[in-house]
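Undergrad: generate coordinates for the sequence data below:
(one chain, ligands or ions: 1)
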Amino acid sequence: MTSCAFAKTLRKKLLGWYEDEKRPMPWRNNRNPYRILVAEFMLQQTQVKTVIPYFERWMKSFPTLQKLARARESTVLKHWEGLGYYSRARNLRKAAQKIRRDYAGKVPDSMNEILKLPGVGRYTAGAVLSIAFGKKVPVLDGNVKRVLSRIFLLKENGGTRKSENILWETMQRLLPATGAGNFNQACMELGATVCLSTNPLCPRCPVKRNCQAQKSGQQSFYPPRNRAVPVTKISVSAGVLFRRDKIYIQMRKTGGLMGGLWEFPGGKFESGESAEQCLRREIKEELGVTVRIDEKFMTVKHSYTRFRVTLHVFLCRVCAGKVSPTRCEKWNWVTAEELGRYPFPSANVKIIKRLMKNQESV
Ligand code: SF4
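TA: Residues are numbered from 1 along each chain as shown. As a prediction, the model looks like this:
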């Protein structure tokens with residue numbers, strides 16, 4: 001499928017195009033393996049434009065691997081707040097600690113060793129090894145899969161282990177002997193900026209004369225789509241629970257979903273419940289107290305990969321009982337200003353912003 005001459009032509013065109021067209025990104029300024037590792041963790045599941053400000057802040061706070069390895073988990077999570085998929089942040093910190101302990105502080109440069117780091121899979125390993133160390137190792141993300149599928153009219157979309165392996169092998173065969181890092185980045189960049197999922201910009205594409213999908217007008221059929229995963233709608237109540245000027249917050253159990261992040265108490269509606277009934281029941285179950293609801297504060301809508309959450313937020317106070325939480329890692333009473341020091345999930349951050357705004361206007 002990939003004759004030597006064809007692969008050579010693709011490499012030349014893609015590398016030349018990448019040299020001229022690559023977007024500036026802070027992690028492209030130098031090939032420091034730690035910087036590349038951080039960027040690749042952040043780029044898993046997240047777009048470049050979202051990652052850039054997080055990366056810049058991160059490098060100010062954790063300029064070296066040693067600094068990250070020594071940081072507290074809550075500090076690291078605070079820097080990740082809003083990026084989602086928080087296990088990436090925990091794994092990145094653990095990876096830094098392992099590198100410091102087992103590899104004398106140097107990011108390992110072999111596939112065997114780098115795959116032993118927490119949170120490092122084949123994609124991240126390929127990106128770090130090829131970009132930071134110049135190793136001839138491929139990467140395969142959603143953008144690369146789309147580019148390969150269209151150039152070669154491959155039916156594989158990476159939805160099964162077998163089809164994923166075919167794509168990895170195709171990419172491996174295309175890699176140049178030197179400059180694999182740039183070639184990998186060129187393929188990712190082409191998918192992100194030209195070979196778009198819908199309406200690819202074929203007239204601007206450096207490999208348009210070599211692309212079978214373009215030649216046959218089948219771009220929109222490649223890669224073949226998986227059946228859409230159904231999205232579940234969830235309704236949740238949360239309480240901003242006051243005791244004088246302090247607000248109750250609790251840390252989610254570590255090890256669970258969004259573990260280590262802080263939140264306002266509350267939970268999912270049960271069948272037939274109103275938002276207020278749900279909140280009273282959840283707080284009674286979680287904290288052992290009865291609350292008086294003062295007012296509806298706001299409604300927050302938030303999307304996760306498989307869920308659409310509607311969060312009904314109320315201002316409330318304890319009217320009977322003593323707060324004794326049972327289902328969280330830690331808990332605390334803090335002022336509205338202090339909320340900003342704790343890492344919260346994105347939906348809760350919207351509540352905090354509104355609380356801060358109200359505070360300013362008092
Ligand atoms: S010619 Fe079009 S479909 Fe083919 S790789 Fe380029 S942008 Fe993608």
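Undergrad: please count neighbours and contacts with C-alpha atoms only from this point.
TA: Fine.
Undergrad: mind giving me the packing neighbours of the helix or strand where residue 38 lies?
TA: Secondary structure assignment for residue 38, by DSSP states H and E: helix 33-43. Counting contacts by 3 or more C-alpha pairs under 8 Å, 6 or more residues apart in numbering; DSSP states H and E, helix 33-43 is packed against helix 48-61, helix 87-102, helix 122-133.
Undergrad: out of those helices, which comes closest to residue 193?
TA: Counting by C-alpha to C-alpha, residue 193 lies closest to helix 48-61 out of the helices and strands packed on helix 33-43; the figure is 11.0 Å.
Undergrad: hey, where'd the helices end up in the stretch 151-300 of the chain?
TA: 161-174, 180-193, 212-216, 275-287 (DSSP state H, counting those that start in this stretch).
Undergrad: in the shortest one, what counts as buried?
TA: The one in question is helix 212-216. 212, 213, 214 (16 or more other C-alpha atoms under 10 Å).
Undergrad: kindly report the same for stretch 291-311.
TA: Quick answer for stretch 291-311 (16+ other C-alpha under 10 Å): 291, 293, 297, 299, 309, 310, 311.
Undergrad: again with stretch 326-336
TA: By neighbour count on 16+ other C-alpha under 10 Å, the buried set for stretch 326-336 is 328, 331, 333, 336.
Undergrad: for stretch 72-87, same thing?
TA: Buried residues in stretch 72-87, defined by neighbour count with 16+ other C-alpha under 10 Å: 73-74, 76-87.
Undergrad: skipping adjacent residues, who's closest to residue 230 in space?
TA: residue 306 (7.2 Å; C-alpha to C-alpha, 6 or more residues apart in numbering).
Undergrad: what residues does this protein put near the ligand?
TA: 147, 150-151, 194-195, 200-202, 205, 207-208, 211, 213-214, 219 (C-alpha under 6 Å from any ligand atom).
Undergrad: quick one: the helix or strand in which residue 78 is found to helix 48-61, angle?
TA: Here residue 78, judged by DSSP H and E, is contained in helix 73-80. Counting by axes from the mean of the first three to the mean of the last three C-alpha atoms, to 10 degrees, helix 73-80 lies at 140 degrees to helix 48-61.
Undergrad: show me the contact partners of helix 73-80.
TA: With C-alpha atoms under 8 Å, 6 or more residues apart in numbering as the test, helix 73-80 has contacts from 54, 57-58, 68, 86, 89-90, 93, 260-261, 341-344.
Undergrad: against residue 140, how distant is residue 186?
TA: Separation of residue 186 from residue 140 (C-alpha to C-alpha, to the nearest Å) stands at 12 Å.
Undergrad: that older thread, give me the mean pLDDT for the helix holding residue 38.
TA: For helix 33-43, mean pLDDT is 97.
Undergrad: could I have the CA atoms of the helix holding residue 78 written out in CSV?
TA: What follows is helix 73-80, C-alpha atoms only, in CSV (Å, rounded to 0.1, in the frame of the first residue of the first chain):
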residue,chain,number,x,y,z
GLU,A,73,-1.6,17.0,44.8
SER,A,74,-4.2,19.7,45.7
THR,A,75,-1.8,22.3,44.2
VAL,A,76,-1.4,20.3,41.0
LEU,A,77,-5.2,19.8,40.7
LYS,A,78,-5.8,23.5,41.2
HIS,A,79,-3.6,24.2,38.1
TRP,A,80,-5.6,21.6,36.2
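Undergrad: quick one, that helix and helix 87-102 angle?
TA: 130 degrees.
Undergrad: burial count for residue 251?
TA: 22 (other C-alpha atoms under 10 Å).
Undergrad: same check on the one 4 residues further on?
TA: When neighbours are defined as other C-alpha under 10 Å, residue 255 has 9 of them.
Undergrad: report the contact partners of the closest residue to residue 264 other than its chain neighbours.
TA: For residue 264, ignoring the flanking residues on the chain, the nearest one in space by C-alpha to C-alpha, 6+ apart is residue 249 at 5.2 Å. By C-alpha under 8 Å, 6+ apart, the contact set of residue 249 is 262, 263, 264, 265, 331, 332, 333, 334.
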